[in-house]
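1. Build the 3D model from these lines:
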Amino acid sequence: MISVTSETSFQEIRDSLGQKQFQILNYLALLGHATNNEISKQYGIPINCVTPRIKELREMGIVTQVSKRPCKVTGRRAMVWEVLRPSEALRNFRLYLARQESVEIKREIQPELF
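-> Numbers count the residues shown, from 1 in each chain. Next up, the predicted model:
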């Protein structure tokens, strides 16, 4: 059973993500943990759509690397990703948004630095 707190955390993150970001996040959550190529093959999404979305989700603190192992698709050693627990993901996501806001304020104050 999903707790109300987890559901609220998930909703807050979901409302801030783009459609493709949310789609990849959802697919990874369904798989539990996977490489980029495994997500791509399992759901028929081009790898060049998966890789940038995983990078963005990682930068937001929602997805983390859990290991490296041979990919089930390519056989090559690859990073394995998983979605963080909702409370941890929400905390990281809020920090990410605060950092983005801080950068925007600095750009307004001192545009010559950017």
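2. So which other helices or strands are in contact with the lengthiest helix in the chain?
-> In the chain, taking DSSP state H as the definition, the longest helix is helix 86-109. If you count contacts as 3 or more C-beta pairs under 8 Å, 6 or more residues apart in numbering; DSSP states H and E, helix 86-109 packs onto helix 4-16. For the C-beta atoms, the positions are set from N, CA and C on the backbone; glycine is no exception.
3. I'd like to know how far the nearest residue to residue 60 once chain neighbours are set aside sits from residue 64.
-> Among residues not flanking residue 60 along the chain, residue 96 sits closest, at 4.7 Å (C-beta to C-beta, 6 or more residues apart in numbering). As judged by C-beta to C-beta, to the nearest Å, residue 96 and residue 64 stand 13 Å apart.
4. The residue nearest the centre of the chain: which element?
-> In the chain, the centroid-proximal residue (C-alpha atoms, centre = their mean) is residue 57; its distance is 2.1 Å. Using DSSP states H and E, residue 57 falls within helix 47-59.
5. Any stretches of the protein with poor pLDDT?
-> 1-6, 9, 106-107, 111-114 (pLDDT under 70).
6. can we see that at 80?
-> In the predicted model, the chain carries pLDDT under 80 at residues 1-10, 103-114.
7. CA atoms of the longest helix of the chain as CSV?
-> Output in CSV follows, covering the C-alpha atoms of helix 86-109 (Å, rounded to 0.1, in the frame of the first residue of the first chain):
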residue,chain,number,x,y,z
PRO,A,86,9.5,9.3,-2.7
SER,A,87,10.5,11.2,0.4
GLU,A,88,14.2,11.3,-0.6
ALA,A,89,13.4,12.1,-4.2
LEU,A,90,11.2,15.0,-3.2
ARG,A,91,13.8,16.4,-0.8
ASN,A,92,16.5,16.2,-3.6
PHE,A,93,14.0,17.7,-6.2
ARG,A,94,13.2,20.7,-4.0
LEU,A,95,17.0,21.3,-3.5
TYR,A,96,17.4,21.1,-7.3
LEU,A,97,14.6,23.6,-7.8
ALA,A,98,16.1,26.0,-5.2
ARG,A,99,19.5,25.8,-7.0
GLN,A,100,17.9,26.6,-10.3
GLU,A,101,16.0,29.5,-8.8
SER,A,102,19.3,30.8,-7.3
VAL,A,103,21.0,30.7,-10.7
GLU,A,104,18.2,32.6,-12.3
ILE,A,105,18.3,35.3,-9.7
LYS,A,106,22.1,35.6,-10.2
ARG,A,107,21.6,35.9,-14.0
GLU,A,108,19.2,38.8,-13.4
ILE,A,109,21.5,40.6,-11.0
